[in-house]
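Colleague: attaching a predicted model along with its sequence, questions to come.
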Amino acid sequence: MGEHPRTLTVDAAMTRALELAARGPAHGPNPRVGCVLLGPPPGATPPDGAAPGSLDPHPRPLLAEGWHRGAGTPHAEAAALADAQARGVDVAGATAVVTLEPCAHTGRTGPCADALVAAGVAEVVLAVDDPNPVATGGTHRLRAAGVRVVRGLRAAEGEELLRVWLTAVRRGTPYVTLKTATTLDGYVAAADGTSRWITGPAARAHAHRVRAEVDAIAVGTGTLLADDPELTARVPAHGSSHEAASAVRLAEHQPLRVVVGLRGVPPAARVHGKGGELVHVLTRDVGEVLERLAEREVRHVLVEGGPTLATAFLAAGAVDELHAYVAPVLLGSGRRAVDGLGVATIADAHRFRTVEVRRVGDDALVVSRKSTEGRVG
């Protein structure tokens with residue numbers, strides 16, 4: 001795992017665990033998790049179930065660390081234990097500082113709670129409880145084996161890191177991000193239907209990086225037939241670092257390509273080419289689309305259009321996050337990004353909360369999330 005500081009407080013260890021977790025892939029059915037193993041506390045240990053503020057504030061030896069690298073690879077706790085073994089470090093009596101409650105089930109890998117118990121870990125400090133009904137129960141298993149458990153250390157940071165995954169698992173349907181690319185006056189296409197390109201190369205490159213982090217991309221059959229998109233995630237070719245580079249390659253991860261609607265997908269359509277698996281959901285029902293994706297363990301779906309599909313997801317209240325790319329272009333007429341939402345007065349507007357505004361080349365990107373006040377989209 002490389003060199004790391006020799007000592008850390010428990011709080012600093014959680015910060016480090018969160019940094020490690022962020023190295024894991026954003027896509028896939030599993031959460032991003034980091035784990036740091038510390039030596040035993042030098043003073044008195046807090047009782048089981050103690051509040052995070054009662055933890056010993058003194059630095060402890062950092063024994064090992066690890067993070068989860070995606071489905072089918074060792075979980076963070078197992079990776080940290082393997083790191084300790086590789087370093088020849090005894091973890092008996094150690095404290096495991098982990099961003100998510102250790103799992104208690106056997107899936108592609110064994111239960112992390114059991115691995116910590118078997119290694120002799122005496123204390124586990126976690127940020128966020130695991131809401132997954134399949135994996136939860138690690139805390140109970142640890143306590144049954146005599147391991148002290150402290151919950152909620154840096155819980156807000158843990159929740160933010162796992163926001164997409166936690167939302168999907170708690171709700172049972174994927175987190176939905178809606179992407180639009182419009183002119184300053186809100187159009188996605190000119191009156192003659194042309195739309196390539198409203199935004200510039202830097203914005204398009206950024207959108208492709210987002211594609212490479214989601215599990216699925218969804219478009220309606222109207223967009224498929226009109227634009228014939230590939231729905232792939234492309235990144236700059238090896239040796240090119242410029243975000244708007246013209247030389248591109250397929251990203252290592254390719255999201256599921258989802259076409260929504262009752263019309264057929266032509267045999268010659270470009271979505272049949274290289275890229276993610278193609279799934280045609282023969283429905284106009286947003287709830288049914290999300291259920292189908294949940295069955296495939298899709299945690300994050302990116303809805304890219306067109307206006308009909310965007311409107312359906314907004315009207316259903318299914319959009320968790322908006323990525324609005326806005327170009328310094330004026331059309332005056334054409335196709336709007338969203339069709340009628342049945343809003344007759346401003347009090348009924350679909351409101352979101354802006355969390356980020358950034359310049360991307362000559363364009364702007366506004367990232368907004370569901371508002372907790374008033375009517376939301």
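Modeller: Sure thing, it's come through. Numbers count the residues shown, from 1 in each chain.
Colleague: C-alpha from now on. contacts and neighbour counts both.
Modeller: Will do.
Colleague: quick one: low-confidence parts of the stretch 251-377 of the chain?
Modeller: Applying pLDDT under 70 to the stretch 251-377 of the chain flags the ranges 372-377.
Colleague: which stretches in the stretch 201-350 of the chain count as strands?
Modeller: 216-220, 234-236, 248-250, 256-260, 278-281, 300-305, 321-327, 335-336 (DSSP state E, counting those that start in this stretch).
Colleague: who does residue 8 bridge with?
Modeller: Judged by DSSP bridges, the bridge partners of residue 8 are residue 60.
Colleague: tell me who's in contact with it.
Modeller: Going by CA atoms under 8 Å, 6 or more residues apart in numbering, residue 8 touches 38, 59-62.
Colleague: one more pass at 7 Å, please.
Modeller: Residues near residue 8 by CA atoms under 7 Å, 6 or more residues apart in numbering: 59-62.
Colleague: once you drop chain neighbours, what's closest to residue 343?
Modeller: Leaving aside its chain neighbours, residue 343 sits nearest to residue 349 (6.2 Å; criterion: CA to CA, 6 or more residues apart in numbering).
Colleague: neighbours of that neighbour, how many?
Modeller: For residue 349, the count of nearby residues is 15 (other CA atoms under 10 Å).
Colleague: do the one 5 residues further on as well
Modeller: Residue 354 has 14 neighbours, counted by other CA under 10 Å.
Colleague: quick check, it in a strand?
Modeller: Yes - Residue 354 forms part of a strand when assessed by DSSP: H, G, I helix; E, B strand; the rest coil.
Colleague: what's the distance between it and residue 317?
Modeller: Distance, residue 354 to residue 317, by CA to CA, to the nearest Å: 17 Å.
Colleague: for residue 124, which of the strands of the stretch 201-350 of the chain is the nearest?
Modeller: strand 300-305 (29.5 Å; CA to CA).
Colleague: tell me which strands the closest one pairs with, and in which orientation.
Modeller: Strand 300-305 has these strand partners (DSSP bridges): strand 175-183 (parallel), strand 216-220 (parallel).
Colleague: contacts for it, please.
Modeller: So strand 300-305 is in contact with 164, 174-180, 214-220, 223, going by CA under 7 Å, 6+ apart.
Colleague: what's the angle between that strand and strand 256-260?
Modeller: 50 degrees (axes from the mean of the first three to the mean of the last three CA atoms, to 10 degrees).
Colleague: so where's the stretch 1-150 of the chain shaky on pLDDT?
Modeller: If you take pLDDT under 70 as the line, the stretch 1-150 of the chain has these spans: 1-5, 43-53, 135.
Colleague: which residues in it form helices?
Modeller: Ranges of helices in the stretch 1-150 of the chain, per DSSP state H, counting those that start in this stretch, are 10-21, 76-87, 112-119, 138-144.
Colleague: how far is stretch 144-159 from where the chain is centred?
Modeller: 22 Å (CA atoms, centre = their mean, to the nearest Å).
Colleague: gap between residue 154 and residue 170?
Modeller: 20 Å.
Colleague: show me which of these two is the more surrounded one.
Modeller: Using other CA under 10 Å, the more surrounded residue of residue 154 and residue 170 is residue 154, with 17 against 13.
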